[in-house]
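Q: Sharing a model that was predicted from the sequence below.
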Amino acid sequence: MRLPFARAFASVAVAALLTGCDNNDIGPSADREQLKGETRNEVVFTGGPEQPHTTLSARFLEAGRHYSANGKLTINGDIPEKTTISVHNGELVINGNVGAGSRLNVGVPVVTHTNSWTGPGYCYRLGFNGKMGFGFSNFCNHSETVVDGLRYNDPDAAITVTGRVASDVTAFTHGAVSIGGRIVKPAIAVYSK
């Protein structure tokens, strides 16, 4: 008996090998030795738990690649053009410039809640023919996740760049963004009950 997912898995595995997919993690989980950097554990957010803080030289980063890290990431040197750096549950410090077309994404701990309601819209429903289908109904279930605020009252910016940033660089975070010693985007409010 053949398993239906075996062929799909084999196709994905072959595609990954042919396209040269590799792990571009930064820190202890990196495949490439150069991307491991130096890591130590420290409290990243005031009142938060200890997390990894990785320090890395920018000379190991390649233009046009996507890199990700957990905790705090400090990069010494200039970020190449069209490079994406994502940091999960931490902070990003770049001691240098950021090249054109680059993206900086930093997720910080936030408090959220979910709003749910029933109302008109498009959803899966039981049709007149007795089959499930996608269509309009006055009784669709909707929900949205709402960010209430930052989990920790931390004074540090989520993204800090000590040098210059090209005009088309995008930065996304719920925390503050500091460029050249100036706060260019303030953090959202800290959650309080």
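A: Yep, it's here. Residues are numbered from 1 along each chain as shown.
Q: Only C-alpha atoms from now on, for both contacts and neighbour counts.
A: Noted.
Q: Need the pLDDT of Cys21.
A: Note for Cys21: predicted pLDDT of 50.
Q: quick one: low-confidence ranges for this protein?
A: For the chain, the stretches with pLDDT under 70 are 1-23.
Q: the domain parsing of it - what is it?
A: For the chain, the structural domains run 19-109+151-185, 114-145, going by automatic domain parsing.
Q: any chance of the ones you listed in JSON lines, plus mean neighbour count and distance to Tyr191?
A: As requested, the domains of the chain are arranged in JSON lines below (neighbours: other CA atoms under 10 Å; distance: least, CA to CA, whole Å):
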{"stretch": "domain 19-109+151-185", "mean neighbour count": "18", "distance to Tyr191": "6"}
{"stretch": "domain 114-145", "mean neighbour count": "12", "distance to Tyr191": "15"}
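Q: out of those domains, nearest to Lys193?
A: domain 19-109+151-185 (11.1 Å; CA to CA).
Q: now for the domains of the chain, which one comes closest to Ser192?
A: Minimum separation from Ser192 across the domains of the chain (CA to CA) falls at domain 19-109+151-185, 8.7 Å.
Q: Which residue ranges of this structure form helices?
A: Ranges of helices in the chain, per DSSP state H, are 4-19.
Q: Tell me how far the longest strand along it lies from the chain's centre.
A: Longest strand in the chain, counting residues (DSSP state E): strand 132-150. Taking CA atoms, centre = their mean, to the nearest Å, one finds the center of strand 132-150 at 24 Å from the center of the full chain.
Q: Put together a markdown table for the domains of the chain, with distance to Lys193 on each row.
A: Listed next are the domains of the chain as a markdown table, based on distance: least, CA to CA, whole Å:
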| stretch | distance to Lys193 |
| --- | --- |
| domain 19-109+151-185 | 11 |
| domain 114-145 | 16 |
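Q: Please enumerate the strands of this structure.
A: So, for the chain - with DSSP E - the strands run 38-43, 50-57, 66-76, 84-95, 103-106, 110-126, 132-150, 159-161, 170-173, 177-179, 182-185.
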